[in-house]
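[1] sequence first, then the predicted structure, then my questions.
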Amino acid sequence: MDNHVLIPHLFRTEYRKLVSVLCRLFGISHIEVAEDIVSDTFLTATETWSLDGVPANPTAWLYTVAKNKTRNQLKRHLLFEQKLAPAVTYETDATDILEIDFSEKHIADSQLAMLFTVCDPAVSTASQIALALNLLCGFGIQEIADAFLTNKEVIYKRINRAKEKLKAAAIKIEQPSLSAIDARLEVVLTTIYLLFSEGYYSTSHHTVLRQEFCAEAMRLCDQLIANRRTATPAVHALMALMCFHASRFDARTGDHGEIILYRDQDDTRWDRALIERGQHYLNTASTGIQVSRYHLEAGIAYWHTQRADTTEKWENILTLYNHLLTIAYSPIAALNRTFALAKVRGKAAAIAEAEKLQLTGNLFYYSLLGNLYTGIDNRQALAYYRAALKAVGTDADREIIQRHITALSSDIQDS
Amino acid sequence: MNEFLIAIHRDLKSKDAKPSPEQMQEAIKPFQDWIGSIAAQNKLVAPPKRWDLGGRVVTSATVTDGPYAEIKESIGGLVLIRAESYDDAVEIAKGCPVLKWGATVEVRMALTAG
């Protein structure tokens, strides 16, 4: 690998590790010092390596340089404090006893601690995700802005607000205790799932970047699985869910970036290895008595990896949605449940149910009714698709709905 | 929106009780669909629990094994929902599949303080 490839690659994999270890060492109030040292380490690497060539073990090189820079920083800091407060005497050089530990275990522990810190409820969800992407996943502000279809300033503000909140709340970066895991794991899982969804459902055209977001969410979940105390059934269920979804990542987009709907996908492009991994995690998740929303969503996603449109498939999906809605209502789950109901009990029964949902103004509500009325009352279907067109937000959605309108219009004219 | 209690009463004591255990078995899927339908309208207050059908009956003098059945029917299920009005709540209650097999459903509105 030459420098132009190697350094960005190392930045992606090592930045977050170095930052996590140093943040944990300095505490949340000095988060910028940690970031500065790590950025400076990479700058030194770029300069030195382009002159002297890449060292035999670039990662070890980075760790050593980061350690030295940290020691220097602490010495300077110490000197400063000693001058300011001459009364304070240090019996030994504090930097000597200070262990800067870049062992694999310590890195893993620090990253887990940082994950729980970033997911502190003091920070708003939008800021949590931006901070997680930046600090835990090593994405640049510009990349995050691209994925969120916004500008750098917005993301910059979000990240700073998150840091200020963490500092103000004086959040300790520590290995979460069992009670902290109990209390906060759910928020951590929500953040990971949102991060995944950001990659999976984003309307940004940066396909590579979006795929990386999904991979990062799965990596964070892997960190939870790797630790015995955080490897709960719900964590395994979320991992299963993400594997099943991610298996269709490639099949969802055509050669020209257009969206391919589930029923039109070429299932030979589904990633079988990921589906199998998902099944493995779902089996592991099926212990204990607790059924989380991730168990139910993973179950639904599992049935979607089965191509054949069997009654069994849709009966199961309907039952899972029924259960999911009782513990976690969302309009999209309500709409998907109604779609499953149509598959099991027929369109007429589903129409009656759909009309009770009253999701006025919701694009997918109108699309669903358009779909259900198609073949039963095409004029009504057309009216609903026209309503959907008014609620549309993206070109991709507009194109799909327009296709239905064109088809229905010609059907009505023919009859 | 108001909160309503939907109490499903059915005969738990008679030998040839209606609905019969077999009928209740048959009602499981329709029952799940009914609950799912309420939840899909975001009108479910809390996930329904399954309650032990025996229970205990407490008076000032005694505690006896339930179910309480001075009348023939006992409580077989409880569901907490949100609805605009009694009319709205009754419309939802009519969807309860156990009705078909002879259960009675009672609808009670939660009163707000004051």
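    Perfect, thanks for sending it. Residues are numbered from 1 along each chain as shown, chains lettered A, B, ... in the order given.
[2] which bits of chain B sit near chain A?
    Within chain B, the positions lying close to chain A (C-beta under 8 Å from any C-beta of the partner chain) are B:29, B:32-33, B:35-37, B:39-42, B:44, B:47-48. In this view, the C-beta of every residue, glycine as well, is placed from N, C-alpha and C.
[3] let's see that with 10 Å instead.
    B:28-29, B:31-44, B:46-48, B:91-92, B:95 (C-beta under 10 Å from any C-beta of the partner chain).
[4] check contacts around the residue in the stretch 151-300 of chain A that chain B sits nearest to.
    The nearest approach of the stretch 151-300 of chain A to chain B comes at A:Val291, 10.2 Å away (C-beta to the nearest C-beta). The contact partners of A:Val291, by C-beta atoms under 10 Å, 6 or more residues apart in numbering or on different chains, come to A:Pro233, A:Ala234, A:Ala237, A:Ala285, A:Gly299, A:His323, A:Leu324, A:Ile327.
[5] for the chain, longest helix please?
    In the absence of a named chain, chain A is used. Identified as the longest helix of chain A according to DSSP state H is helix A:58-84.
[6] oops, wrong one, chain B.
    Per DSSP H, chain B has its longest helix at helix B:21-40.
[7] report how many residues lie close to residue 10.
    Defaulting to chain A. A:Leu10 has 18 neighbours, counted by other C-beta atoms under 10 Å in any protein chain shown.
[8] chain B is the one I meant
    For B:Arg10, using other C-beta under 10 Å, the count is 24.
[9] same question for A:Gln73.
    Neighbours around A:Gln73, by other C-beta under 10 Å: 19.
[10] for residue 34, which non-adjacent residue is closest in space?
    In the absence of a named chain, this looks at chain A. Among residues not flanking A:Ala34 along the chain, A:Leu22 sits closest, at 3.7 Å (C-beta to C-beta, 6 or more residues apart in numbering or on different chains).
[11] you answered for a different chain; I wanted chain B.
    Sequence neighbours aside, B:Gly95 is the residue nearest to B:Trp34 in space, at 5.1 Å (criterion: C-beta to C-beta, 6+ apart).
[12] which of the three states applies to the one you found?
    Following DSSP: H, G, I helix; E, B strand; the rest coil, the label given to B:Gly95 is coil.
[13] report the separation between it and A:Ile28.
    Per C-beta to C-beta, to the nearest Å, B:Gly95 is found 52 Å from A:Ile28.
[14] these two - which one has more neighbours?
    More crowded of B:Gly95 and A:Ile28, by other C-beta under 10 Å: A:Ile28, with 20 against 15.
[15] which ones are touching that one?
    Per C-beta under 10 Å, 6+ apart, neighbours of A:Ile28: A:34, A:114, A:117, A:120, A:163, A:166-173.
[16] out of the residues you listed, flag the one nearest to A:Cys137.
    A:Met114 (11.0 Å; C-beta to C-beta).
[17] against A:Ser39, how distant is the residue nearest to that closest one when sequence neighbours are not counted?
    Counting by C-beta to C-beta, 6+ apart, A:Ser20 is the residue found nearest to A:Met114 once chain neighbours are left out, at 4.4 Å. Relative to A:Ser39, A:Ser20 is positioned 15 Å away (C-beta to C-beta).
[18] okay, these two: which has more neighbours?
    Each of A:Ser20 and A:Ser39 has its neighbours counted (other C-beta under 10 Å); A:Ser20 has more, 26 against 14.
[19] the helix or strand where the more buried one lies packs against which elements?
    Applying DSSP states H and E as the criterion places A:Ser20 in helix A:3-26. Using 3 or more C-beta pairs under 10 Å, 6 or more residues apart in numbering or on different chains; DSSP states H and E as the contact criterion, the elements in contact with helix A:3-26 are helix A:31-52, helix A:58-84, helix A:104-118, helix A:207-226.
[20] in chain B, what residue comes closest to chain A?
    For chain B, C-beta to the nearest C-beta, closest residue to chain A: B:Gly36, 2.9 Å.
[21] show me what contacts that residue?
    Taking C-beta under 10 Å, 6+ apart as the criterion, B:Gly36 is in contact with A:318-326, A:333-334, A:337-338, A:340-341, A:353, B:44.
[22] dump the residue contacts of A:Leu238.
    Counting by C-beta under 10 Å, 6+ apart, A:Leu238 makes contact with A:188-190, A:192-193, A:196, A:217-218, A:221, A:224-225, A:232, A:281, A:285, A:292-295, A:297-298.
[23] list the buried residues in the longest helix of chain B.
    B:23-24, B:27, B:31-40 (16 or more other C-beta atoms under 10 Å in any protein chain shown).
[24] any low-confidence regions in the chain?
    Looking at chain A here, since you left the chain open. Within chain A, the segments meeting pLDDT under 70 span A:1, A:79-98, A:415.
[25] let's do chain B instead
    Checking chain B against pLDDT under 70 turns up B:62, B:64-70, B:114.
[26] in chain B, which spans are helices?
    Using DSSP H, helices in chain B cover B:21-40, B:86-93.
[27] now the angle from the first one to helix B:86-93?
    Comparing the axes of helix B:21-40 and helix B:86-93 via axes from the mean of the first three to the mean of the last three C-alpha atoms, to 10 degrees yields an angle of 130 degrees.
[28] CA-only coordinates of helix B:21-40 in CSV, if you can.
    Presented in CSV, the C-alpha positions along helix B:21-40 are these (Å, rounded to 0.1, in the frame of the first residue of the first chain):
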residue,chain,number,x,y,z
PRO,B,21,-61.0,-24.1,25.6
GLU,B,22,-60.9,-25.4,22.0
GLN,B,23,-62.6,-22.2,20.8
MET,B,24,-60.1,-20.1,22.8
GLN,B,25,-57.3,-21.9,21.1
GLU,B,26,-58.9,-21.1,17.8
ALA,B,27,-59.2,-17.4,18.9
ILE,B,28,-55.5,-17.0,19.4
LYS,B,29,-54.6,-15.7,16.0
PRO,B,30,-57.7,-13.5,15.6
PHE,B,31,-57.0,-12.2,19.1
GLN,B,32,-53.4,-11.3,18.1
ASP,B,33,-54.7,-9.6,15.0
TRP,B,34,-57.2,-7.6,17.0
ILE,B,35,-54.5,-6.4,19.5
GLY,B,36,-52.2,-5.7,16.5
SER,B,37,-54.9,-3.7,14.9
ILE,B,38,-55.4,-1.6,18.0
ALA,B,39,-51.6,-1.2,18.3
ALA,B,40,-51.3,-0.2,14.7
